[in-house]
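Q: I need the structure of the sequence given here:
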Amino acid sequence: IAYTLETGDMQVGDGSFLHARKLIPNYDRISGSHNLSIRTRGYPARAAVTKGPYVITESTDNLSIRARGRNVRLYWSGSDDFRLGLWQHRVTQHGRRP
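A: Next comes the predicted model:
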């Protein structure tokens with residue numbers, strides 16, 4: 001059965017800009033391949049910037065990404081079996097470029 005999953009908007013700290021550099025996927029169970037896209041938005045009225053899709057399989061150790069914005073959303077899609085675990089990430093808070 002094909003699926004799509006979407007998180008709500010996530011932000012770091014007080015709503016300052018964030019810079020996402022790495023995701024470490026963790027699945028309790030995974031088979032086949034799954035796609036992950038990351039959408040960031042700097043301001044509510046601006047269009048979202050999409051990074052990916054990144055393909056995740058059972059052999060995926062980490063994903064090197066570069067995403068920047070105030071809010072981030074994650075989108076998964078695929079048709080194989082999985083059960084999400086606790087993911088780790090490397091996200092830093094920083095100000096806007098001058």
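Q: only C-alpha atoms from now on, for both contacts and neighbour counts.
A: Will do.
Q: ranges for the strands of the chain?
A: 3-6, 17-24, 27-30, 34-41, 49-56, 63-69, 71-78, 82-84, 88-94 (DSSP state E).
Q: same list (those strands) but as CSV, adding mean neighbour count and mean pLDDT.
A: CSV is the format used below for the strands of the chain (neighbours: other Cα atoms under 10 Å; pLDDT from 0 to 100):
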stretch, mean neighbour count, mean pLDDT
strand 3-6, 12, 93
strand 17-24, 18, 89
strand 27-30, 13, 89
strand 34-41, 20, 94
strand 49-56, 15, 94
strand 63-69, 17, 91
strand 71-78, 19, 92
strand 82-84, 12, 88
strand 88-94, 14, 83
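Q: ok now stretch 14-31, how far from the chain's centre?
A: Chain-centre distance of stretch 14-31: 5 Å, with Cα atoms, centre = their mean, to the nearest Å.
Q: contacts for it?
A: 11-12, 42, 57-58, 60-71, 80-96 (Cα atoms under 8 Å, 6 or more residues apart in numbering).
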